[in-house]
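*Asks:* Take a look and give me a structure for this.
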Amino acid sequence: MERLVERLSSQPGAGLSVFAIDHDAMLDRVRARLFGAASSPEGRGPRTRVGRFEVTRRIGAGAAGVVFLARDLERGRDVALKLLRPWFRGDAALRRAALEVRLRAAATERAPGPRVIPIRAVGRARGRLFIAMDHFDARPLPRWIAARRRATRAIIDVFKQAGQGLAELHAAGLAHGTFTPAAVLVADDGAARVTELARAALLELPGGSLSATQRAALTGATRYLSPEELTGRERDARSDQFRFCVALYEALVGAPPFGGATLDELVLRVTRGQRERPPREHELPTRVLGVIARGLEPDPGERWPTMRALLSALDRS
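*Replies:* Just a heads-up that it's a prediction; the model follows:
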């Protein structure tokens with residue numbers, strides 16, 4: 001069983017069904033294999049410990065790793081503890097070390113603002129890297145949208161909060177880098193925050209680094225890539241803006257702004273700015289569509305000057 005779990009969890013995007021099985025005994029074995037277990041001082045049986053963190057339960061999973069709710073025993077607060085999958089290949093030791101350096105640097109920086117979920121700590125468990133982030137009791141934006149029919153105004157409001165998070169990063173001289181709807185967490189009351197995990201450059205490592213399109217394929221985010229990413233040019237805060245507008249359009253219309261049956265077709269349409277016409281039943285208000293359209297310009301210089309300028313335009317629309 002332990003060999004099976006280890007083999008499944010070592011593949012990108014694999015092993016999720018194992019972690020999702022609602023079977024306490026199996027989950028205990030999985031956690032013990034990944035983290036190791038420590039005895040509970042209260043005498044309630046074994047507890048999973050990762051340094052100063054006590055793992056409570058699994059709360060999510062993605063291409064990059066599995067997320068657990070944990071208690072920071074030193075600071076007395078809950079955190080989201082993400083165990084990264086060992087998807088390193090080739091010069092694995094060098095790439096793992098580079099990743100750890102970047103993550104630790106992100107963990108020591110001051111949180112850029114209230115709409116961004118910062119990294120608080122980085123460590124190792126059984127040779128696997130883990131990161132601890134502030135716990136925000138929420139669900140990813142795609143799940144929030146899918147839960148029930150959402151009004152246009154409610155969707156725009158959540159995206160405005162996410163845009164504020166991006167603006168906070170930009171004001172701190174940072175770019176998110178891999179913004180997608182999955183990078184936005186939404187609470188039941190509609191409060192939204194952006195996770196800054198991506199800007200720690202998880203998929204940008206020296207020594208056999210993947211291309212932008214390969215990185216996006218790993219995370220299922222190809223359709224959010226900006227023209228500069230698709231063509232190998234340098235990206236910046238304006239690339240975040242492009243990704244934001246792709247996600248907003250998709251959320252409001254129910255389909256991406258750029259079609260294409262193949263990657264080559266997608267690249268051609270994105271770089272030429274050839275957007276799809278919204279379905280008749282999803283006609284957007286002209287002013288809202290105009291705001292989004294400017295953010296989707298192929299030339300970064302033709303987009304909104306800043307994320308805050310885009311948000312102000314959304315307010316006016």
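
*Asks:* Walk me through the domains of this protein.
*Replies:* 2-134, 139-316 (automatic domain parsing).

*Asks:* For the stretch 151-300 of the chain, which segments count as strands?
*Replies:* Using DSSP state E, counting those that start in this stretch, the strands of the stretch 151-300 of the chain run over 184-186, 192-195.

*Asks:* In TSV: those, plus distance to residue 246.
*Replies:* In short, each C-beta sits where N, CA and C put it, glycine included. TSV is the format used below for the strands of the stretch 151-300 of the chain (distance: least, C-beta to C-beta, whole Å):
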stretch	distance to residue 246
strand 184-186	13
strand 192-195	15
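
*Asks:* mind giving me JSON lines with the ones you listed and columns for distance to residue 156, mean neighbour count and mean pLDDT?
*Replies:* Formatted as JSON lines, these follow (distance: least, C-beta to C-beta, whole Å; neighbours: other C-beta atoms under 10 Å; pLDDT from 0 to 100):
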{"stretch": "strand 184-186", "distance to residue 156": "13", "mean neighbour count": "24", "mean pLDDT": "95"}
{"stretch": "strand 192-195", "distance to residue 156": "11", "mean neighbour count": "24", "mean pLDDT": "92"}
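
*Asks:* Select, out of those, the one closest to residue 123.
*Replies:* With respect to residue 123, and counting by C-beta to C-beta, the nearest of the strands of the stretch 151-300 of the chain is strand 192-195 at 18.4 Å.

*Asks:* Show me what the closest one is packed up against.
*Replies:* Packed against strand 192-195 by the contact rule (3 or more C-beta pairs under 8 Å, 6 or more residues apart in numbering; DSSP states H and E) you find strand 116-117, helix 152-171, strand 184-186.

*Asks:* Mind checking the pLDDT average for the second one?
*Replies:* This predicted structure assigns helix 152-171 an average pLDDT of 94.

*Asks:* Can you work out which other helices and strands pack against it?
*Replies:* Helices and strands touching helix 152-171, as assessed by 3+ C-beta pairs under 8 Å, 6+ apart, comprise strand 116-117, helix 141-147, strand 184-186, strand 192-195, helix 237-253, helix 307-316.

*Asks:* Please point out which parts of that helix sit buried.
*Replies:* For helix 152-171, the neighbour count (16 or more other C-beta atoms under 10 Å) marks 155-156, 158-170 as buried.

*Asks:* Pick the one among those closest to residue 84.
*Replies:* residue 169 (21.3 Å).

*Asks:* can you tell me which residues contact the nearest residue to the closest one once chain neighbours are set aside?
*Replies:* Nearest residue to residue 169, sequence neighbours excluded (C-beta to C-beta, 6 or more residues apart in numbering): residue 112, at 5.2 Å. By C-beta atoms under 8 Å, 6 or more residues apart in numbering, the contact set of residue 112 is 118, 168-169, 171-172, 174, 196.

*Asks:* Return the distance of residue 112 relative to residue 168.
*Replies:* Noted for residue 112: a distance of 4 Å to residue 168, by C-beta to C-beta, to the nearest Å.

*Asks:* where does this structure dip in pLDDT?
*Replies:* 1-47, 62-64, 86-110, 196-220, 281 (pLDDT under 70).

*Asks:* residue ranges of the helices in it, please?
*Replies:* With helices called from DSSP state H, the chain shows them at 2-9, 16-20, 24-35, 92-108, 141-147, 152-171, 212-219, 227-230, 237-253, 263-272, 286-295, 307-316.

*Asks:* Out of the strands of the stretch 151-300 of the chain, flag the one nearest residue 150.
*Replies:* Of all these, it is strand 184-186 that lies closest to residue 150, at 10.2 Å by C-beta to C-beta.

*Asks:* what are the pairing partners of the closest one, and which direction each?
*Replies:* Paired neighbours of strand 184-186 in the sheet (DSSP bridges): strand 139-140 (antiparallel), strand 192-195 (antiparallel).

*Asks:* which outside residues touch that strand?
*Replies:* 117, 136, 138-141, 144, 158-159, 162, 165, 192-195.

*Asks:* can you count the residues close to the residue nearest to residue 273 when sequence neighbours are not counted?
*Replies:* Setting aside the residues directly before and after it, residue 273 is nearest to residue 298 in space (C-beta to C-beta, 6+ apart), at 4.6 Å. Here the number of neighbours of residue 298 (other C-beta atoms under 10 Å) works out to 18.
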